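Visitor: Give me coordinates for this.
(4 chains)
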Protein chains: 4
Amino acid sequence: MLRLSRFLPSTSRGVTDLKDVLWSGSLTFKHALSTSAANVDENASVKKYASYTVFKGKAALSISPILPLFTKVESGGSRVDRNGSVMLTFFPAVGQRKYDYTKKQLFALSPTEVGSLISLGPAESCEFFHDPSMKSSHEGQVKKSLSITPLGSDNGYFVNITVLNNVQKTNERLSVPVTKAEFAVMRTALSFALPHIMGWDQALSTHPQSTSTSASKPRFERPNPASEWDR
Amino acid sequence: MLRLSRFLPSTSRGVTDLKDVLWSGSLTFKHALSTSAANVDENASVKKYASYTVFKGKAALSISPILPLFTKVESGGSRVDRNGSVMLTFFPAVGQRKYDYTKKQLFALSPTEVGSLISLGPAESCEFFHDPSMKSSHEGQVKKSLSITPLGSDNGYFVNITVLNNVQKTNERLSVPVTKAEFAVMRTALSFALPHIMGWDQALSTHPQSTSTSASKPRFERPNPASEWDR
Amino acid sequence: MLRLSRFLPSTSRGVTDLKDVLWSGSLTFKHALSTSAANVDENASVKKYASYTVFKGKAALSISPILPLFTKVESGGSRVDRNGSVMLTFFPAVGQRKYDYTKKQLFALSPTEVGSLISLGPAESCEFFHDPSMKSSHEGQVKKSLSITPLGSDNGYFVNITVLNNVQKTNERLSVPVTKAEFAVMRTALSFALPHIMGWDQALSTHPQSTSTSASKPRFERPNPASEWDR
Amino acid sequence: MLRLSRFLPSTSRGVTDLKDVLWSGSLTFKHALSTSAANVDENASVKKYASYTVFKGKAALSISPILPLFTKVESGGSRVDRNGSVMLTFFPAVGQRKYDYTKKQLFALSPTEVGSLISLGPAESCEFFHDPSMKSSHEGQVKKSLSITPLGSDNGYFVNITVLNNVQKTNERLSVPVTKAEFAVMRTALSFALPHIMGWDQALSTHPQSTSTSASKPRFERPNPASEWDR
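Guide: Okay, the predicted model is just below:
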């Protein structure tokens, strides 16, 4: 038996501030994109953002999906150029229901890391390591790790992020306990997001014109494009 | 082995009446919205309503999804301003297959409460508490609770609502037994609805123009908007 | 370890015939609709049909989804008037890979029956009873039952239909063994179909114009249409 | 606890080459289609491709979904003419992070084979056999088999392909170990893809015009097209 309070009550100024913070975080991503790709600006007006956030005593954790990028292929269609991800954003608490968004820490889950998370058993744990400067001369300067460990008795998980900066000699750690119910929301949202961040929903969607075109043509036998025998 | 009778047989007037009742319930929500937001009236003509209802001896229970609300952000896109929910509506029975819709009781499940419900084990129970006047001067006057408790032997659950009104000195309680098959429908419908009431389907949907625009431009390296290293 | 042969090989005339049969079955439904509702004829050109069929020694079983019907409500939107279903069609075999479609038997699963099927444990069984003349003077003349019983050792299920006609004094029974892999396809397809046959996908879909309209208006506080406190 | 490296790091030329390889593989399918069906060329510009690839020491495995084909039916709608599939493509490694795409091996999973894979228990295995010349005079010349066997201790699976060519007297075998997390991605992607490769998403989608048309007409009783009693 558990008591669940309202999500993001509108009467709480601190939380409303936090919402703005969360979205200014999203805007940061978009601005980074815009600087080198002015051609996507016209789409910014239709872009929609959604997240799921849990607010706890020492920190808050917000997860939000990010779309894959497609690129044109010679034949005229397009393919996934870069997988999307699910961004985890941590905010340290600086008071009761107050969080400092200037100290946020980010961790972007790849499709396989999402797969690891959604298949986690009640007593299992997992840990991922990211190096923002991987394969550059700065490799090893900053090390991030995300660990998910069980709270025990099928009661949910601790989600921890550690950011070790060997240059600034800092080691920041934020930890958010996630209840079984909250983890069920995350698992369902991540399972829903997974085919989308890999672009499978777009590869499997049909285009109105293509259907009617092929339907209005006479039917004849054609080689099965799916066949493994075509090679 | 169980016998399942037809859902909403059209030959039963009592049940047909109830359907109208259910939808007048939905209209109540919309009217409440319209009074202060006339600008959404033009969309009322395309809005669609769906529910899932179980009719039992002492009461009926209907669940229906409600969309999240988006709001514009400075950059031109939009973000979830208020999560959607799944509304539970209880109707007391006043005769055989007759239900009194004027005495309906409502309970809106938040995303986390939906997560709690869909992750419920066969022998587990959960309980949620809502206070309509939370954080106002009337806080504590009315207390609602929803509990879901197992029927035993993996046979489904009892879904109970209790509304305690300390001002009117009333305490109403409605209870609906839900079979394992009916709960499977609810679990599947709630799991489907969850990403939608959080707006993730909209955040993960692509806009026809955005895809073709980026595809028709020359390909070049751009910073990954999903990267946690951009901060 | 199991050997799976190709689904619907195009070189088999008997099976190609059966495909036509399956779809003439679907057309039967549509014609029944058209006779009294000429206004839906213009949509017939875009209607799409899909199924999943297993061909076994004594009979074949095909399942296909059927959409719900919506009706206008006074406020201008629309609501589910009749739930969709998943139609089960049985064909008796009359030779090797030849099936007699004139002797097909139909059974339409309601949402709750779908819920029962998708939540079936490996050793569990279920049975549904339908009476086509329920609540009419012919009630009890024809009785249909569908039972799903385990093959044993987590190897799949027997799906059986029995049609007892007390007037014609006939009792037809068709039985199709379904492997664990085939049942996994059915379970996945039925779980996917369930929110759709209840209209939840349409209730949860957003309309392009409604989103942009509300986004282009100034933001202000409005009552939460989802709130259970509005009553 | 496991370490997951970045998926497809853009700084690795070998992997970038492989990406082109993967998509030239997809183009092969499309070209095969185009040679006999010029009428679909105009749709090539909107076709999107997505996959999920795991790169291991001795080989890489890529999976990607392929849409079903619809054909017009006499009544004006269309039905699935050929199911889609999920294509598995294996590439042998020829060095560190280098794979030889000219030696790729293909295996197209049917819906039932997908069902077998997504319902595989942690300790279970399955095997499929394909003969590209089935029911032709060349039947038996080439035999392909795909087997999926557990790595043990719930740690994932080995995915193996064997291609035996009795004419060329060759027997090629490629084997890719898939971690539990990677298999979770495959299971989720395949479960998502399954209703789509069978065309159920299209059969269950509604067309904007059909909805508004029926909504603008007066409501009357019409026969339920879903009813099994119509026959």
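
Visitor: residue ranges with poor pLDDT in chain A?
Guide: Within chain A, the set of residues satisfying pLDDT under 70 comprises A:1-45, A:207-231.

Visitor: how about the strands of it, start to end?
Guide: A:48-49, A:52-55, A:59-66, A:69-72, A:78-82, A:85-95, A:98-99, A:105-109, A:126-130, A:142-150, A:156-165, A:170-179 (DSSP state E).

Visitor: Starting from the longest one, tell me which strands it pairs with and how they run.
Guide: To tie it back to what came earlier, the one meant is strand A:85-95. Strand A:85-95 has the following strand partners under DSSP bridges: strand A:59-66 (antiparallel), strand A:98-99 (antiparallel), strand A:105-109 (antiparallel).

Visitor: Would you mind giving the strands of chain A as JSON lines with mean neighbour count added?
Guide: Quick note: C-beta positions are derived from backbone N, CA and C, even for glycine. Below are the strands of chain A laid out as JSON lines (neighbours: other C-beta atoms under 10 Å in any protein chain shown):
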{"stretch": "strand A:48-49", "mean neighbour count": "22"}
{"stretch": "strand A:52-55", "mean neighbour count": "21"}
{"stretch": "strand A:59-66", "mean neighbour count": "25"}
{"stretch": "strand A:69-72", "mean neighbour count": "20"}
{"stretch": "strand A:78-82", "mean neighbour count": "23"}
{"stretch": "strand A:85-95", "mean neighbour count": "20"}
{"stretch": "strand A:98-99", "mean neighbour count": "20"}
{"stretch": "strand A:105-109", "mean neighbour count": "23"}
{"stretch": "strand A:126-130", "mean neighbour count": "20"}
{"stretch": "strand A:142-150", "mean neighbour count": "18"}
{"stretch": "strand A:156-165", "mean neighbour count": "19"}
{"stretch": "strand A:170-179", "mean neighbour count": "17"}
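
Visitor: need the contact list for the nearest residue to residue A:129 once chain neighbours are set aside.
Guide: Counting by C-beta to C-beta, 6 or more residues apart in numbering or on different chains, residue A:129 lies nearest to residue A:145, which is 5.0 Å off, once chain neighbours are set aside. By C-beta atoms under 8 Å, 6 or more residues apart in numbering or on different chains, the contact set of residue A:145 is A:127, A:128, A:129, A:130, A:161, A:162.

Visitor: run the last query once more with 10 Å
Guide: Taking C-beta atoms under 10 Å, 6 or more residues apart in numbering or on different chains, we find residue A:145 in contact with A:107, A:127, A:128, A:129, A:130, A:160, A:161, A:162, A:163, A:164, A:173, D:3.

Visitor: Can you add distance to residue D:203 and give the strands paired with strand A:85-95 back as a markdown table?
Guide: Formatted as a markdown table, the strands paired with strand A:85-95 follow (distance: least, C-beta to C-beta, whole Å):
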| stretch | distance to residue D:203 |
| --- | --- |
| strand A:59-66 | 27 |
| strand A:98-99 | 47 |
| strand A:105-109 | 33 |
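
Visitor: returning to what we had before: can you pick out the most distant pair from the contacts of residue A:145?
Guide: Using C-beta to C-beta, those reach their maximum pairwise distance at A:173 and D:3, which is 18.9 Å.

Visitor: if I look at residue A:145, how far off is chain B?
Guide: Using C-beta to the nearest C-beta, to the nearest Å, residue A:145 is found at 12 Å from chain B.

Visitor: hmm, I was thinking of residue A:129
Guide: On the measure of C-beta to the nearest C-beta, residue A:129 and chain B end up 13 Å apart.

Visitor: go on, residue A:205?
Guide: In terms of C-beta to the nearest C-beta, residue A:205 sits 9 Å off from chain B.

Visitor: ok, that residue touching residue A:195?
Guide: No: using C-beta atoms under 10 Å, residue A:205 is not in contact with residue A:195, being 11.1 Å away.

Visitor: the more surrounded of these two?
Guide: Shown here are residue A:205 and residue A:195; by other C-beta atoms under 10 Å in any protein chain shown, residue A:195 has more neighbours (26 against 16).

Visitor: Just give the closest residue to that one, not the sequence neighbours.
Guide: residue D:192 is the one closest to residue A:195 (C-beta to C-beta, 6+ apart), at 4.1 Å.

Visitor: how about that neighbour, what does it touch?
Guide: With C-beta under 10 Å, 6+ apart, residue D:192 has these contacts: A:191-192, A:194-196, A:198, A:200-201, A:204, C:188, C:192, D:65, D:201.
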